[in-house]
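> Could you work out the structure for the sequence below:
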Amino acid sequence: MIQLRESSLVPINEMADARGMGLVLCLVSAACFGAMAIFGKFAYEAGVTPATLLLVRFGLAAALLGAGLLVRPDLRGSRPQPRVLGIALGLGAVGYALQASLYFSALKVLDASLLSLIFYTYPVLVTVGAVALGRDRMTPARSIALVTASLGTLLVLLGAGAVSFNPFGALLAFGTGAVYTIYILVADIVVDRLAPVLLAALVMTGAAGTMGARTALTTDVKLSFGVRGWFWLSCIAVVSTVVAMLAFFAGLKRTGPSTAAILSTFEPVVTTALAALTLGEVLSPIQLAGGALVLTSVIVLQLRRRSPREKEVRPAECFT
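Coordinates of the predicted model:
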């Protein structure tokens, strides 16, 4: 009997270790995503334009992910259908490219901390969209989360005082969340049909294609900045895109979507803390309270109990 008990502890210990590593990976991913707005601010100060930032981010990320698939063919998974490949490329070319364009345009005129809090209303928007599409149902917990997030967002906007506030920037931030919501609801169709690394590579390739076409039509892309600009661009592409994505997928595999989604609330916390430390941005007490309500609403959404037959919309399984 003693031997049986000892042997039965092996898989349990392995599962605990895997879950612990998954928690760490999800937090690392959230921290990497959270640092992106700070890297973007520093890139702008170094003379990088938003169009240049987007082109280099997506191009470099697509190249790195593509190289990873060449080195590790097993990461490609089973051969997907052409329609699924087309949807994945379209997600990047239309949804992700537009979302990122709005995000970095808002970052040009809005403080990083405020942008992060406004943008992070998207999990609640995803829930509302899923209910409207019949993929989910409105429960008391979701209703409470919706009211809480709405109140929190109102406080964030009304409390603008200690930070610079730009109404157009706030509109762009809300637009970013709205576009990201549509992107996630469409991505939910293919997220289980493609290997994670392949999906990420296709999305980045589609987005890089859109930015490349935009470059051919405009003169916004300028490469006259110095080494400092390239350093911050590399941080965005490598740390806040490739590393953040891969760490999240690795953590998701070990913890499951609910835990990963809860841990993703660490992202705006990181952005706000880094903005205060490096950019001198300080949120007013009212805005901090509003941000706490927004994050609480996300946690409420993810802590709700799901029935075995309920289809789950996975806002944290996509990309920031």
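
> Quick one: end-to-end distance for stretch 217-236.
With Cα to Cα, to the nearest Å as the measure, the ends of stretch 217-236 fall 24 Å from one another.

> Pull the residues that contact that stretch.
35-36, 39-40, 42-43, 46-53, 55-57, 60, 214-215 (Cβ atoms under 8 Å, 6 or more residues apart in numbering). No exception for glycine: its C-beta is placed from N, CA and C like everyone else's.

> what is the rounded mean pLDDT of that stretch?
Stretch 217-236 carries an average pLDDT of 89.

> any idea how far that stretch is from the chain center?
22 Å (Cα atoms, centre = their mean, to the nearest Å).

> Would you mark the buried spots in it?
Val221, Phe225, Gly229, Trp232, Leu233, Cys235, Ile236 (16 or more other Cβ atoms under 10 Å).

> Backbone dihedrals for Ser264, both of them.
When read as degrees, to the nearest 10, the backbone of Ser264 gives phi -70, psi -20.

> ok, now which ones touch it?
Ser264 neighbours (Cβ under 8 Å, 6+ apart): Cys26, Ser29, Ala30, Phe33, Phe248, Val298, Ala316.

> wait, Leu283 sits on Leu114?
Yes: Leu283 lies in contact with Leu114 (Cβ atoms under 8 Å); the separation is 7.3 Å.

> out of the two, which sits in the busier spot?
Shown here are Leu283 and Leu114; by other Cβ atoms under 10 Å, Leu114 has more neighbours (29 against 23).

> could you measure Val24 against Ala31, distance?
11 Å (Cβ to Cβ, to the nearest Å).

> next one: Ala292
With Cβ to Cβ as the criterion, Ala292 and Ala31 are 19 Å apart.

> for Gly47, same thing?
27 Å.

> From Val48, how far off is Ala216?
Distance from Ala216 to Val48, by Cβ to Cβ: 19 Å.

> quick one, which of the two is more surrounded?
Neighbour count, other Cβ under 10 Å: between Ala216 and Val48, Val48 has more, with 25 against 7.

> contacting residues for the more buried one?
Val48 touches Phe225, Gly229, Trp232, Leu233, counting by Cβ under 8 Å, 6+ apart.

> please redo it, this time with the cut-off set to 6 Å
Phe225, Gly229 (Cβ atoms under 6 Å, 6 or more residues apart in numbering).

> next one: phi and psi at Arg137?
phi -130, psi 150.

> What's the local residue count around the closest residue to it other than its chain neighbours?
Nearest residue to Arg137 in three dimensions, chain neighbours excluded: Val131, at 6.4 Å (Cβ to Cβ, 6 or more residues apart in numbering). By the criterion of other Cβ under 10 Å, Val131 has 16 neighbours.
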